[in-house]
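Q: After the sequence you'll find the predicted model.
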Amino acid sequence: MWDFSTEPEFQAKLDWMKRFIREEVEPLDLVFDQPGHHHNVTDQRAMAAVRPLQAEVRRQGLWACHLKPELGGQGYGQVRLALMNEILGGTNWGPRVFGCQAPDSGNAEIIAHFGTEVQKQMYLQPLLQGDITSCYSMTEPQGGSDPRVFQTAAARDGDHWVINGYKWFSSQARWASFLIVMAVTDPEASAADRFSMFLVPRETPGINIIRNSGLIGEDEEEGAHAFLHYDNVRVPADALLGREGKAFEVAQVRLGGGRIHHAMRTLGAATKAYEMMRERAVSRFTQGSSLARKQSTLQAIADSYVELMQFRLLVLHAAWTIDQGDSETGRIGIASAKIMSPRILKDIVGRAIQLHGSLGVSNELPLGQYWIKAAAQGLVDGPTESHQINLAKRLLRNAQPAEGMFPSEHIPSRKAAAREKLSKYLNMSEEELA
Ligand SMILES: Cc1cc2nc3c(=O)[nH]c(=O)nc-3n(C[C@H](O)[C@H](O)[C@H](O)COP(=O)(O)OP(=O)(O)OC[C@H]3O[C@@H](n4cnc5c(N)ncnc54)[C@H](O)[C@@H]3O)c2cc1C
């Protein structure tokens, strides 16, 4: 039974979220609008505005809904989370206000799984409360798509590990209370066993931020993505998260659900661009008619709607399969959504920019930010190409080679077989049926 409806009680929560985001959260985006500002939980002025909103979200039972109930979440399942993230996707501060900001959400899951009791007390509780923020430090300057080129290494020294190396684009490091760092612990091992994961408190000596890179259009040195030098960073043996050599096991914990939520947030941004396009079409008058009467505008709006719907169904179906416990189809869905996210956002935002003319490319509309977001979506958590390769390999797993000389859909071969079959029913020779 296919059912595309939302239960009335949960729809009421979504409706509340939509109003709350528009009226209470979007003003934060407009006033506290520095790059990565929503990660800066040390900004007292911004947090004075954010805290009461977080309290309201808690009262509504919508705080940190991605978490399992034992960690204070609601156990909503992926479909409901996807619907919530669609609403959060049009804002910068939304995830912070609702306690599901990446990478803190994934990092909390890692500590919950692998952290010691002391680490949980020091970092998990404040992270879950939204009092601190964190960083996930994996990509290196010489390459991010292929861990086999990573060089940052941790060497055992008595009861400690000593980390040395460079990391690139470690988002939020400048405001983080701790960093989760991936480092080589056995250079001779295969890639699957070469790396370990560490929890490194930010105040540990030797963590040097070389600079904070920004995204296109952001001021130099105002960025949120740190180029880091780990210079003899000494941490105790229990800073190791998970098993030695098993960093990928640890990383896996934060990926699946997170990617679906990213995709739904992308949909939220794309929907905003689409709504802006609709408004513009009926607002702007040029060459004797409104834009809404130009064929190219109608095409742009129709194509955008169809693409939004396709993408929405793709993501919700992936979420639904995860909720059904079908992890293989879920993985295929997640990879498909990850591949489509940048494409859908770029196409729809591109059309919205075009319809808004010069205003579209100006910094007076949010479309430029969405445009950069689209490009970034093709890289965050691995570039599109890696996901295409992994998805295609998965799809080819059960593919069978053709039995004969030609493909199994080869028409002459199938015709010959069909004639042979029908000649028996019809009591005719194969030649008569030719
Ligand atoms: C906004 C943003 C935030 C980020 N935050 C973090 C963070 O917090 N922590 C962190 O560790 N990293 C972070 N990253 C880094 C991100 O994970 C990397 O950008 C990504 O893994 C790609 O690595 P790279 O940038 O080094 O590109 P490269 O590895 O140099 O790849 C460049 C291009 O090469 C092509 N390519 C790569 N592999 C293949 C292939 N197998 N086949 C065909 N073509 C290929 C693709 O076109 C790819 O885009 C962030 C990135 C962005 C954009």
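A: Yes, it's here.

Q: contacts, neighbours, all on C-alpha from now
A: Noted.

Q: mind checking the end-to-end distance for stretch 141-148?
A: Taking C-alpha to C-alpha, to the nearest Å, stretch 141-148 runs 13 Å from one end to the other.

Q: same question for that stretch, mean pLDDT?
A: For stretch 141-148, the per-residue pLDDT values average out at 94.

Q: Just give me the neighbour total for residue 319.
A: Residue 319 has 26 neighbouring residues, counting by other C-alpha atoms under 10 Å.

Q: Check which element follows the longest helix anywhere in the chain along the chain.
A: In terms of residue count, the longest helix belonging to the chain (DSSP state H) is helix 247-283. Per DSSP states H and E, helix 247-283 leads on to strand 285-286 as the next helix or strand towards the C-terminus.

Q: could you give the mean pLDDT of that following strand?
A: 96.

Q: From the contact counts, what lies against it?
A: For strand 285-286, there is no helix or strand it packs on, judged by 3 or more C-alpha pairs under 8 Å, 6 or more residues apart in numbering; DSSP states H and E.

Q: How about stretch 325-344, which residues are buried there?
A: 329-344 (16 or more other C-alpha atoms under 10 Å).

Q: mind saving the C-alpha coords of it as PDB?
A: Written as PDB, here are the backbone C-alpha positions of stretch 325-344 (Å, rounded to 0.1, in the frame of the first residue of the first chain):
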ATOM      1  CA  GLY A 325      15.000  -1.700   7.600                       C
ATOM      2  CA  ASP A 326      15.900  -2.200   3.900                       C
ATOM      3  CA  SER A 327      19.500  -1.000   4.300                       C
ATOM      4  CA  GLU A 328      20.700  -1.900   0.700                       C
ATOM      5  CA  THR A 329      17.900   0.000  -1.000                       C
ATOM      6  CA  GLY A 330      18.400   2.700   1.600                       C
ATOM      7  CA  ARG A 331      22.000   3.000   0.600                       C
ATOM      8  CA  ILE A 332      21.100   3.200  -3.100                       C
ATOM      9  CA  GLY A 333      18.600   5.900  -2.300                       C
ATOM     10  CA  ILE A 334      21.000   7.900  -0.200                       C
ATOM     11  CA  ALA A 335      23.700   7.800  -2.900                       C
ATOM     12  CA  SER A 336      21.200   8.800  -5.500                       C
ATOM     13  CA  ALA A 337      20.000  11.700  -3.400                       C
ATOM     14  CA  LYS A 338      23.600  12.800  -2.800                       C
ATOM     15  CA  ILE A 339      24.300  12.800  -6.500                       C
ATOM     16  CA  MET A 340      21.100  14.700  -7.400                       C
ATOM     17  CA  SER A 341      21.400  17.400  -4.600                       C
ATOM     18  CA  PRO A 342      23.900  19.700  -6.300                       C
ATOM     19  CA  ARG A 343      22.300  19.300  -9.700                       C
ATOM     20  CA  ILE A 344      18.700  20.100  -8.600                       C
END
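
Q: can you list contacts of it?
A: 256, 259-260, 263, 266-267, 270, 307-308, 311, 314-315, 317-319, 321-322, 373-378, 384, 387-388, 391, 394-395 (C-alpha atoms under 8 Å, 6 or more residues apart in numbering).

Q: The ligand next: which of those are close?
A: Restricting the contacts of stretch 325-344 to those adjacent to the ligand (criterion: C-alpha under 6 Å from any ligand atom) gives residue 376.
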